[in-house]
Every structure is written in C-alpha cells, then in structure tokens.
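[1] here is my input; please provide its structure:
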Amino acid sequence: MSKPKVFVTRIIPNKGLDLVMDFCDVDLWTNDLPPSRDELLKRVKGVDGLLCLLTENIDSEVMDTAGPQLKVVSNYAVGFDNIDVVAATERKIPVGNTPDVLTDATADFSFALMMSAGRRVLEGDRYVREGKWMTWGPMLFLGNEMRGSTLGLVGFGRIGKAMARRAMGFDMRVIYYDPNEPRRDPDVKAVSVDFDTLLEESDFISLHTPLTSDTHHLINAETLNRMKPNTVLVNTSRGPVIDMDALYEALRDRKIFAAGLDVTEPEPIPVDHPLLTLDNFIIAPHIASASRSARDKMAWLAAKNLIAGLEGNHLPNCVNPQVHR
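    The predicted model follows:
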C-alpha cells in the first residue's frame, strides 16, 4: 500500500520529522529560506497533507492547487493567521496547530526581553565592548526595577497566565486586558482591567494576543502616547499588533522608556529600519519558542496532527473542529 504524499515546507526537529518520514512519502523543503509562492504552488500539487510554517500563506489557491484529495494542513506554530481557516473549513480540511507546548518557553523569553530592556542589559554590553567602561558610576545605565512595578498583559491566554505566574515571583502587580478572558482565574494573581487602564497604569506591557482585525496596530501612536514615560513594551505575539513607525517615534522621542520585540512587521525587519538605530530598542529574530524542549514538542504535535488527518481521525489539536461534524 502506497504511503500518503505530503509536502513539509522546512526541516523541523527529528522528534516530529522522523514520524512523518516513517508514515508518509515526504517532499521536504531543505533550504533555510521558505519556498517561494511559485515553488509552494508547484510542490503542493497532488499532496494528501501539508506541514507548514508561519512563513507560508496557505490560502484557497494553495488548497485548490493541491487538489480535492488534500486531507489536512498542519501548522508548526500556535498561531494560524497564515492559514485561511474559513477556506479550509469550506473544503472540509482540518487545520492543526501546536498550543500549550511552547507556553513556558515563550513566557521565559518574554520575561527575558522585558528585564533586558528595562535594565538596559544590551546597552551595557555594547558600552563595555566599545571600550567606554572607565569606572563605576552612580548614574550609569539607570533602569526600571521589577519589584513593586505593574505588569500589564494584553492577552490572558496560556502564555499571559504563565507571565503572571512569573511576575508573582518578582512581587509585581499584574493587570490584564483580554475581552475573551473576562473571568478571573483563581490560580493566577491578576486583575482584569479595561484597555485604557492597562495603558495608563502599567510600567511593563507584554503583548500576548492573536493577530485579528481588532488587534492589528492595536499599539499605535495614540495608545503609545497614553503609556507612562517609563513603560517598557514587549511583543512576542505577532508583529502587526504594533505600528512599527509609531513605535520608532515614541522611542526616539522618549515617550516610552524601551521596547523589546521578537516579532516585527514586516518580518524580518529591514536592516535599514530606523528602529535599529535606537539604543532603547532590543530585537530578536522570532525565537521566543526556541528552546530545544519546546521545538521538539512542537514538531511532535505537528506530526501527530498531520498523521491523524491523513488517517481520517480527529486532530489532537484542531482549530476548526467543525469539519468533523
């Protein structure tokens, strides 16, 4: 019996790739850069399954080019804004994602960005490497202390709650805004507030919201102007949640203290973007989930989603479970 044919759009950890290779006839894209649109459309023709990354736009054209035999799309990510889920649902194609497994890794990295930006760690590192460190000074690189400060979380899902638990260890006051999570979680010491209150009271703001029409450029010139001058802003969710030009102006004019981004718009950020000229800006190349453990678990779950769909079973994690009704 022939194996189902699948296209895997990038090399993923062996924890999941080995499962896919054993079960499927695999066309694996091995380049470091993602396949071009033309290459993607070429490779999906006739496949039974697709394992993709956020870098691929999986829309109705891709699904129709693949053909009516396409049984499943498995996304190696928690987010799935790169996939037209409505189009997939219309075609009875289940879409899988990888929640839970990267919660702690992402929360750890968000906290690392928050502390690094607030305490000016990278500025200090550059200062030393450039030979400028001559003596200890009482005014040298003063930053923001965590204890007693207010952390505002935009989005209070799994990662937001993990951030709140970490903040408790630093004796921080935690508030959050999430219209989809209005009820208080008794296991997490955090208070639900409206968005205006969060902007006005937070010393640190960390974004953990999905990208939707409502959250696109949620952080813009107006909302940045309502933040405290000492605010540290961190984003490990989706780049377009922040208006990058407005962020540059706010940081340049010291309307907020600092920012740390793991995601940008566009992604990757152009090397000539003015944000990269600022000392109070930290950037990372979308690596918040890049712990070995988290990436292994993501690969394993993406593979399990793919194989379940190919077998006609319910996916372990399905974003459009109505296709099974």
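[2] please report the distance of the residue most central in space within the chain from Leu54.
    Note on the chain: the residue nearest the mean C-alpha position is Ser237, at 3.7 Å, using C-alpha atoms, centre = their mean. Using C-beta to C-beta, to the nearest Å, Ser237 is found at 12 Å from Leu54. Just so you know, the C-beta spots here come from the backbone N, C-alpha and C atoms, and that holds for glycine as well.
[3] show me where the protein has strands.
    5-8, 25-28, 49-52, 72-75, 95-96, 150-154, 173-177, 191-192, 204-207, 232-235, 258-261, 281-283 (DSSP state E).
[4] most tightly packed of the ones you listed?
    strand 72-75 (a mean of 30; mean count of other C-beta atoms under 10 Å).
[5] and this structure, what are its domain boundaries?
    5-101+292-324, 103-283 (automatic domain parsing).
[6] and the ones you listed as CSV, adding mean pLDDT?
    Below are these laid out as CSV (pLDDT from 0 to 100):
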stretch, mean pLDDT
domain 5-101+292-324, 97
domain 103-283, 96
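[7] need the nearest residue in space to His208, chain neighbours excluded.
    Gly155 (3.6 Å; C-beta to C-beta, 6 or more residues apart in numbering).
[8] ok, Arg10 - contacts?
    29, 34, 53, 55, 76 (C-beta atoms under 8 Å, 6 or more residues apart in numbering).
[9] if I look at it, how far off is Pro35?
    Computed as C-beta to C-beta, the Arg10 to Pro35 distance reads 8 Å.
[10] what do those two both touch?
    Common neighbours of Arg10 and Pro35 (C-beta under 8 Å, 6+ apart) are Trp29.
[11] what about stretch 27-40, how long is it end to end?
    11 Å (C-alpha to C-alpha, to the nearest Å).
[12] contacts for it, please.
    So stretch 27-40 is contacted by 5-11, 17, 43, 47, 53, 55-57, 62 (C-beta under 8 Å, 6+ apart).
[13] biggest separation within those, which pair?
    Leu17 and Asn57 (22.5 Å; C-beta to C-beta).
[14] between the two, which has more neighbouring residues?
    Leu17 (20 against 15; other C-beta atoms under 10 Å).
[15] buried residues in stretch 17-33?
    17, 19-21, 23-24, 26, 28-29 (16 or more other C-beta atoms under 10 Å).
[16] switch the strands of the chain over to JSON lines; also include distance to His324.
    JSON lines is the format used below for those (distance: least, C-beta to C-beta, whole Å):
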{"stretch": "strand 5-8", "distance to His324": "20"}
{"stretch": "strand 25-28", "distance to His324": "25"}
{"stretch": "strand 49-52", "distance to His324": "16"}
{"stretch": "strand 72-75", "distance to His324": "12"}
{"stretch": "strand 95-96", "distance to His324": "12"}
{"stretch": "strand 150-154", "distance to His324": "32"}
{"stretch": "strand 173-177", "distance to His324": "33"}
{"stretch": "strand 191-192", "distance to His324": "33"}
{"stretch": "strand 204-207", "distance to His324": "32"}
{"stretch": "strand 232-235", "distance to His324": "34"}
{"stretch": "strand 258-261", "distance to His324": "37"}
{"stretch": "strand 281-283", "distance to His324": "41"}
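[17] helices of this structure, start to end?
    For the chain, helices defined by DSSP state H occupy the ranges 14-23, 37-44, 60-66, 85-90, 103-118, 121-129, 158-168, 195-201, 221-225, 244-252, 292-310.
[18] let's have these in a markdown table, adding distance to Ala284.
    Supplementary listing: the helices of the chain in a markdown table, determined by distance: least, C-beta to C-beta, whole Å:
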| stretch | distance to Ala284 |
| --- | --- |
| helix 14-23 | 23 |
| helix 37-44 | 27 |
| helix 60-66 | 29 |
| helix 85-90 | 28 |
| helix 103-118 | 7 |
| helix 121-129 | 10 |
| helix 158-168 | 16 |
| helix 195-201 | 24 |
| helix 221-225 | 21 |
| helix 244-252 | 15 |
| helix 292-310 | 15 |
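[19] nearest to Arg325, of the ones you listed?
    Using C-beta to C-beta, those put helix 85-90 closest to Arg325, at 10.6 Å.
[20] for the closest one, what is the distance to the chain centroid?
    The chain centre lies 22 Å from the centre of helix 85-90; the measure is C-alpha atoms, centre = their mean, to the nearest Å.
[21] contact partners of it?
    Against helix 85-90 from outside (C-beta under 8 Å, 6+ apart): 58-60, 63, 73, 94-95, 319-320, 322-323.
[22] of those, closest to Ser149?
    Distance to Ser149 across the contacts of helix 85-90 (C-beta to C-beta) is lowest for Val319, with 35.4 Å.
[23] how close does that closest one sit to Asn313?
    16 Å.
[24] more neighbours: which of these two?
    Val319 (21 against 12).
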